[in-house]
Each structure stands twice: as structure tokens, then as C-alpha cells.
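Trainee: here's my sequence, what's the structure:
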Amino acid sequence: MTYDLPCMSYMAMYIISVHIVNSNSRSSVGANHWKLSLEEGKVLQASDDKLAGSLASPEDDPLFKILTNKRVEDGQWLVDNEQDCVNCREMEQVPVAVPSESYQKEVTNDQKQNKSTGKKLLTCGKPTNHTQYDHLRGITNRSEHPHIPEPEVAIMFRKKGAKNSEVDMTELETRLRKLKKQTPKSSYTYSQIGNYWRIRGNTQLSIECFRKALAVSPNSPDILLYLARILFNLQYLDDAIFLTRRSLAMQSNEDNSWHQHFTLGEILKAYGHYQEASLHFQQALRLNPGFQRAEAHLRDMEGTPNPSMTQYTLFIILFLIMGVVFGVITSMEANYDEGSDGKPQRHFNRAMAMRSMKLGINPRLIRMRKLNGV
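Mentor: Residues are numbered from 1 along each chain as shown. Okay, the predicted model is just below:
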């Protein structure tokens, strides 16, 4: 019997190994495998009766196919071999990134305007899934922003040496379409299209373009500043100052950062921090001498009292008034205490003093006699 014990142990190990191999086989449909039920919109176990026989193997699961064939490019999920995807039309019901309803409305309205020309809407494509700046409230609520045109942005598209300061928007759109064909996935292309929509006032499309540009170049100082200007106009001051300081930190020493300092000055002025705002305006003038808008802000702040200084002045005046009142009350209480002791007050009699000196009598002795009634 002792010789049979090793054989029994080997047999037990063999049975357990076969069981483990069979349970982990990819061809088997067990409780450890989950499948997407397109009818119910749920993820259920493969052993469920509703899914038994519907999909022969995990490779036929559309969700499994997306996860195994996905690749990330420019911050987006892309699926290779889309023609081999099973039930791809049904899978479009649960896309990875779903544009908001307002975004779709904005696109529809602009598409109606472009119907007369027969051109497609100039956009940056589908919205990107995620950026590291999506936690900002102004970006999170981008579907609720109103239209705010920024005609001053057209200056960056003006050709060098042009006598006319106006920019032809039709010509600009043509140039951007050409740029999009040449470099369709460039952050510069996305940012230029975003600035185009800033001029038009479509904040939704411009923010989506800048999000896509930041997905490619998350530390670009220019793109961060463009997005900060939009959020500043929308009065998201905390988000705007965060992006502007980030843009200033990412700016290289060789590049001129006057625009970042000017934007910081405007935001701090809106906050009411005039002293710090004036420092940034002065720095902007040092880097860009003669900039009229910075000079206008400085002149405006010179005639405006500093709220912090006014508060300090009122505090000092109130403190002095309380000190004077306390001193008056203390002196009055001291005089009252002296008068309530019941002791007669001593007055200096000059005539009596002179007489006492002539007679050689001590004046103190005379006073004591009077007090004692002698």
C-alpha cells in the first residue's frame, strides 16, 4: 500500500491540471467571461441563457473586438480593421466619445449656413475623449456657453505688410481648409481653426478645437493662452488665470511673453487686485513698448482707489477714534473718583503764607490748627 500512495498523488495532480486547463480555455464559455448584450444594453455572463448560442466565441464579441483592436492616436481611440467588426452599426449606439446636444445643434446651424456654398462645415473633427484640463469648470460646461465674437483675434491672421486691417473671412476659411488637408492632425491646424471660430463667436466649436490641440500638445503656451482668453471672456476667472499662469510657465525664455502678462493683468484687474495687475501691465509694456491697451488699463487704475488700501485706512481711523473715546472715559472716571473721596480740597493761600513767613511760623502748623478748629 505504501507504493500506491505516489501514484494516487500523481493522478490527483493530473486531474486538477486538466480541470484548470479546460476552465481557462478560450474556446470554453464559462462564468469568467462576460459579453455585451446589445438587446438589453447590459454586460452579462457568457453562461447566461440569453447569450447561450448567440456568440460562439469571445472573438465574435464586438466589445471584445474593440478592446483588442484599439489603438490610441492623437488622444483618440481608433479601432483597426473596422470592416471585420461584428455589428458595428449597433455598436455606434454606445460610442466612446459622445458629442453634446448643443454641440450637434451648433454644427447643424453652421451646416445650414454652408448649404448655399455646398461646402462642409470647417471643424476639427470629432471631439477628443479627454485632456488634462477637462477638470476646469469652464471646459466642463462648454455646452452651455453663449456666442461671444472676438473680432480682435483677426489681427493674427492679417498678412504682413497689408494696408487694410480687415480680414476676409471667406479667404481665411479657404486657407484653413487647405491647411487642414495638408496637416489634418496637427495641433497648429486645430488651434488656427479654433481661432477662426473665436472670430465667428462660436465658443463651443473653438473650445473643442483647442481641446483637440491640447490632446496633441498639452503644454503649448499659445494654445493654453487662446483657451484662457475664451474663458476670461466667459467670466470663468479662476480657470482663465490657471491657464494663463500655466502658459507663462511653459513659455521659453527666448519667446516674448508680453501677451501672457497682459492677460494676467486683465484678469487680476477683474478680480480687483490692482497692485498685482499693474505690475503685469508694466511688464507687458517693457516687453512690448507702446502697447496702448496696457497703457489704458494703467491710466484707468490710477484714478481708481485700491480697495485694500481703503480698508486699511478705515481700520486705522476706527482704531484712533476708539482710543480717543477710551482715553476720555478713563479721565472722567478718574476725576469722579477724586471728587467722591469726601476730603476737602487744599487751596494755596498766598496771603497767609506771606504772614506766616514774617512771623516765623510754620505754614503747615497754621493749617493743622485750622483743621482742628483751634
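
Trainee: contacts only, for Thr189.
Mentor: Contacts for Thr189 (C-beta atoms under 8 Å, 6 or more residues apart in numbering) come out as 124, 176, 179-180, 183. Backbone N, C-alpha and C define where each C-beta goes, glycine included.

Trainee: ok, and the most crowded of these?
Mentor: Cys124 (24 neighbours; other C-beta atoms under 10 Å).

Trainee: need the contact list for Ser252.
Mentor: Contacts of Ser252 were listed using C-beta under 8 Å, 6+ apart, and none were found.

Trainee: what are the phi and psi values at it?
Mentor: Main-chain torsions, Ser252, degrees, to the nearest 10: phi -80, psi 160.

Trainee: which residue is the nearest non-sequential neighbour of Thr183?
Mentor: Thr189 (5.1 Å; C-beta to C-beta, 6 or more residues apart in numbering).

Trainee: report the buried residues of the host helix or strand of that neighbour.
Mentor: Thr189 belongs to helix 187-200 when assigned by DSSP states H and E. In terms of neighbour count (16 or more other C-beta atoms under 10 Å), helix 187-200 has its buried residues at 187, 189-200.

Trainee: tell me what the next helix or strand after it is packed against?
Mentor: Moving toward the C-terminus from helix 187-200, the next helix or strand (DSSP H and E) is helix 203-216. Judged by 3 or more C-beta pairs under 8 Å, 6 or more residues apart in numbering; DSSP states H and E, the packing partners of helix 203-216 are helix 101-113, helix 187-200, helix 221-233.

Trainee: can we see that at 10 Å?
Mentor: Under the contact criterion of 3 or more C-beta pairs under 10 Å, 6 or more residues apart in numbering; DSSP states H and E, helix 203-216 touches helix 101-113, helix 137-140, helix 187-200, helix 221-233.

Trainee: out of the contacts of Thr189, which are inside strands?
Mentor: Using DSSP state E, no member of the contacts of Thr189 falls within strands.

Trainee: nearest to Leu243 among those?
Mentor: Set against Leu243, the nearest of these by C-beta to C-beta is Cys124 (18.8 Å).

Trainee: and that closest one, how far is that from Lys180?
Mentor: 8 Å (C-beta to C-beta, to the nearest Å).

Trainee: hang on, the earlier thing: okay, the angle between the helix holding Thr189 and helix 221-233?
Mentor: Helix 187-200 runs at 20 degrees relative to helix 221-233, counting by axes from the mean of the first three to the mean of the last three C-alpha atoms, to 10 degrees.

Trainee: what segments of this structure are strands?
Mentor: Assigned by DSSP E, the strands in the chain fall at 34-37, 42-45, 70-73, 76-79.

Trainee: against Glu152, how distant is Leu298?
Mentor: Going from Leu298 to Glu152 by C-beta to C-beta gives 19 Å.

Trainee: pLDDT score assigned to Met352?
Mentor: Note on Met352: pLDDT of 58.

Trainee: where does pLDDT dip in the stretch 201-350 of the chain?
Mentor: For the stretch 201-350 of the chain, residues meeting the criterion pLDDT under 70 lie at 304-312, 335-350.

Trainee: number of nearby residues for Gly125?
Mentor: Neighbourhood size, Gly125 [other C-beta under 10 Å]: 15.

Trainee: start the count at 54 instead of 1 going forward.
Mentor: Renumbered: residue one is now 54, and that last one reads Gly178.

Trainee: OK, contacts around it?
Mentor: The contact partners of Gly178, taken as C-beta atoms under 10 Å, 6 or more residues apart in numbering, are 127, 129, 233, 237-238, 243, 246, 261-262, 265.

Trainee: list the contacts for the closest residue to Glu226 other than its chain neighbours?
Mentor: With sequence-adjacent residues excluded and distances taken as C-beta to C-beta, 6+ apart, Glu226 is closest to Leu175, at 5.8 Å. By C-beta under 10 Å, 6+ apart, the residues touching Leu175 are 163, 167, 225-227, 229-230, 233, 246, 249-250, 253, 258, 262.

Trainee: pick the one among these closest to Arg195.
Mentor: Taking C-beta to C-beta as the measure, Leu258 is the one of these closest to Arg195, at 9.8 Å.

Trainee: what sits closest to that closest one if chain neighbours are left out?
Mentor: Trp250 (4.3 Å).

Trainee: would you confirm that that neighbour contacts Cys177?
Mentor: Yes: in this structure, Trp250 is within contact of Cys177 by C-beta atoms under 10 Å, at 9.2 Å.

Trainee: quick check: neighbours shared by the two?
Mentor: When C-beta under 10 Å, 6+ apart defines a contact, the residues bordering Trp250 and Cys177 alike are 258-259, 261-263.

Trainee: show me how the record splits this structure into domains.
Mentor: Here the domain parsing of the chain from automatic domain parsing is 94-149, 174-361.

Trainee: so where's the stretch 104-253 of the chain uncertain?
Mentor: Residue ranges of the stretch 104-253 of the chain with pLDDT under 70: 104-171, 214-218.

Trainee: what do you get if the cut-off is 50, keeping everything else the same?
Mentor: Applying pLDDT under 50 to the stretch 104-253 of the chain picks out residues 104-105, 107-109, 127-128, 135-152.

Trainee: more neighbours: Leu351 and Glu205, which one.
Mentor: Leu351 (18 against 11).

Trainee: just to revisit the earlier point, common neighbours of Cys177 and Lys233, please.
Mentor: 242-243, 245-246.

Trainee: from those, which two are the most distant?
Mentor: Greatest spatial distance among the shared contacts of Cys177 and Lys233 (C-beta to C-beta): Tyr243 and Gln245, at 7.4 Å.

Trainee: what is in contact with those two at once?
Mentor: 177, 233, 262, 266.

Trainee: now do the same contact list for Lys265.
Mentor: Lys265 makes contact with 127-129, 176-181, 184, 238, 240, 242-244, 246-247, 276 under the criterion C-beta under 10 Å, 6+ apart.

Trainee: that'll do, ta.
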